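Participant: this is the structure alone, sequence omitted:
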């Protein structure tokens, strides 16, 4: 029973009692009886009126509740002539106005946040209270190769092998920590886990930014500066000492024959070491002084055929089988032939040395040229398996090499050539005792005229 009904029942019950009392008291006096009954009826009417006015704020409260339930914050309650009730109406209308403005601000902020998330180059993932993905931007979808991730846990969000490895590292990130992560292709990222509060409860988010290009640029600048300083000092020293050594040879005839021979032999040994030191520095400066590519159409197959022919006898002497495993008909690529040929020679040379270092019988180097939808891919597969447990990010780092006595220059040169051409590449172990270097060339648009029907 509502409060209104209870009050009305109370008024009726009380006045019925007074009616009975008046009837008993004034039954013998008709005029007083009628007057008392009229007074009681008037009291009932006034009571009903006062109850209605007293409970009128409850109806406004109900209307306010309905507006909140419908989230109709633009609506307003009408004013009355009762000052007390108008004060309540003003409070309600003020609250509705504040809610309406806050809703507009939240909507504008949400719209701005959505546009910002879509425009940002970094990957952003937001999780719900149960740790499932609730919001993901386009950069995260592309970077992490996600497949319908909404409502899924991070580990089950899909993607290829590279993406799953990166997702596992992201899932292990502690709250509030920022770390440098590396995927299977050697690309490097900065991952950060944070949290925010939604309705009093904490929710986590992840931000991932690829740093490969920035780090390579920084490494290249450091390498450039270091090599230029070394080359300057070493070349000056080599030139000066070479001149002094040549001058010292003039004193050979002033020594005894036996001493002269030893003297000349020592001088020639120092000169050879001097020349070797100059060649050593020259190998480093080739990367620094690399010219910009001059792009012209060239056949990758013809270039690789020349490299196979160049290494055929050397491979034959060492018992290494070199040749094509697959060679599709690929359109000429716009490349700098000299730079690309030197890079490919380095790749095959590394493969040959890896097979030789493994000491295996029946070693091989297999070349593949596959014309795919995203562009042709050239792969060099060798059975050397010399990568071992080396982190992918170290393979193209200056001064790092898996070969004994290696200087880490060959892959740095290869990286610079491929980066300047804009060709993606990977170097990784296949898992079955082989190593693959793969280069993806640009897809060529066929501009040949087509027959009209």
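Facilitator: That came in fine, so what should we check first? All values derive from a computational prediction rather than experimental measurement.
Participant: quickly find the element holding residue 204.
Facilitator: strand 201-210 (DSSP states H and E).
Participant: that strand - contacts with which helices or strands?
Facilitator: Here strand 201-210 touches strand 123-127, helix 138-143, helix 161-171, strand 188-198, going by 3 or more CB pairs under 8 Å, 6 or more residues apart in numbering; DSSP states H and E. (Each C-beta comes from the backbone N, C-alpha and C, glycine too.)
Participant: ok, and what's touching that strand?
Facilitator: Outside strand 201-210, the residues that touch it by CB atoms under 8 Å, 6 or more residues apart in numbering are 121-129, 131, 140, 143-144, 154, 166, 170, 173, 175, 181, 187-197.
Participant: please repeat the previous calculation with a cut-off of 7 Å.
Facilitator: With CB atoms under 7 Å, 6 or more residues apart in numbering as the test, strand 201-210 has contacts from 122-129, 140, 143, 170, 175, 187, 189-196.
Participant: cool, stretch 334-351 as well?
Facilitator: Identification of contacts with stretch 334-351 by CB under 7 Å, 6+ apart yields 293-298, 303-304, 307, 311, 365, 380, 382, 384, 410, 413-414, 417-418, 421, 437.
Participant: now stretch 7-26
Facilitator: 32-33, 36-37, 40, 43-44, 47-48, 51.
Participant: could you dump those residues to CSV with secondary structure, neighbour count and distance to residue 65?
Facilitator: Below are those laid out as CSV (DSSP: H, G, I helix; E, B strand; the rest coil; neighbours: other CB atoms under 10 Å; distance: CB to CB, whole Å):
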residue, secondary structure, neighbour count, distance to residue 65
32, helix, 13, 49
33, helix, 16, 48
36, helix, 18, 43
37, helix, 16, 42
40, helix, 18, 37
43, helix, 14, 33
44, helix, 18, 31
47, helix, 17, 27
48, helix, 14, 25
51, helix, 16, 21
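Participant: out of those residues, which comes closest to residue 76?
Facilitator: Checking the contacts of stretch 7-26 against residue 76 with CB to CB, the nearest one is residue 51 at 26.8 Å.
Participant: where along the stretch 251-400 of the chain do the strands fall?
Facilitator: 296-298, 321-327, 333-335, 364-372, 375-382 (DSSP state E, counting those that start in this stretch).
Participant: would a markdown table of the ones you listed with mean pLDDT, mean neighbour count and distance to residue 116 be doable?
Facilitator: Output for the strands of the stretch 251-400 of the chain, formatted as a markdown table (pLDDT from 0 to 100; neighbours: other CB atoms under 10 Å; distance: least, CB to CB, whole Å):
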| stretch | mean pLDDT | mean neighbour count | distance to residue 116 |
| --- | --- | --- | --- |
| strand 296-298 | 92 | 13 | 43 |
| strand 321-327 | 92 | 14 | 46 |
| strand 333-335 | 92 | 20 | 37 |
| strand 364-372 | 91 | 18 | 35 |
| strand 375-382 | 92 | 20 | 33 |
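Participant: dump those into JSON lines; add distance to residue 206 as well.
Facilitator: Shown next, in JSON lines, are these (distance: least, CB to CB, whole Å):
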{"stretch": "strand 296-298", "distance to residue 206": "43"}
{"stretch": "strand 321-327", "distance to residue 206": "40"}
{"stretch": "strand 333-335", "distance to residue 206": "38"}
{"stretch": "strand 364-372", "distance to residue 206": "32"}
{"stretch": "strand 375-382", "distance to residue 206": "31"}
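Participant: out of these, which gets nearest to residue 433?
Facilitator: strand 375-382 (10.1 Å).
Participant: could you check the angle strand 188-198 makes with the next helix or strand after the strand holding residue 204?
Facilitator: Next along the chain after strand 201-210, taking DSSP H and E as the criterion, comes helix 212-248. Following axes from the mean of the first three to the mean of the last three CA atoms, to 10 degrees, one obtains 150 degrees for the angle between helix 212-248 and strand 188-198.
Participant: now residue 333: how far from residue 270?
Facilitator: Note on residue 333: its distance to residue 270, by CB to CB, to the nearest Å, is 47 Å.
Participant: tell me the helix or strand right after the lowest-mean-pLDDT helix or strand in the chain.
Facilitator: In the chain, no helix or strand scores lower on mean pLDDT, DSSP states H and E than helix 56-69, which sits at a mean of 72. Remark: after helix 56-69, the chain's next helix or strand is helix 83-119, criterion DSSP H and E.
Participant: quick one: distance of that next one to the chain centre.
Facilitator: Its chain's C-alpha centre and that of helix 83-119 lie 35 Å apart, by CA atoms, centre = their mean, to the nearest Å.
Participant: okay if I get the contacts of stretch 7-26 as a markdown table plus pLDDT?
Facilitator: Shown next, in a markdown table, are these (pLDDT from 0 to 100):
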| residue | pLDDT |
| --- | --- |
| 32 | 76 |
| 33 | 73 |
| 36 | 76 |
| 37 | 77 |
| 40 | 78 |
| 43 | 83 |
| 44 | 80 |
| 47 | 80 |
| 48 | 80 |
| 51 | 74 |
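Participant: got a markdown table for those residues, with distance to residue 443 too?
Facilitator: As requested, the contacts of stretch 7-26 are arranged in a markdown table below (distance: CB to CB, whole Å):
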| residue | distance to residue 443 |
| --- | --- |
| 32 | 111 |
| 33 | 109 |
| 36 | 105 |
| 37 | 103 |
| 40 | 99 |
| 43 | 96 |
| 44 | 93 |
| 47 | 90 |
| 48 | 86 |
| 51 | 83 |
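Participant: my guess is residue 130 is in a strand, correct?
Facilitator: No. Applying DSSP: H, G, I helix; E, B strand; the rest coil, one finds residue 130 to be coil, outside a strand.
Participant: and for it, the neighbour number?
Facilitator: 9 (other CB atoms under 10 Å).
Participant: contacting residues for it?
Facilitator: Counted by CB under 7 Å, 6+ apart, residue 130 has zero contacts.
Participant: how close does it sit to residue 199?
Facilitator: 14 Å.
Participant: again, but for residue 224
Facilitator: 53 Å.
Participant: between the two, tell me which one has more neighbours.
Facilitator: Taking other CB under 10 Å, residue 224 and residue 199 do not tie; residue 224 has more neighbours (15 against 6).
Participant: picking that back up, in ChimeraX, select just the buried ones from the contacts of stretch 334-351.
Facilitator: Of these, the buried ones go into a single ChimeraX selection, burial set by 16 or more other CB atoms under 10 Å:
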select :293,298,303,304,307,311,365,380,382,384,410,413,414,417,418,421,437
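Participant: relative to residue 429, which of the strands of the stretch 251-400 of the chain is closest?
Facilitator: strand 375-382 (10.7 Å).
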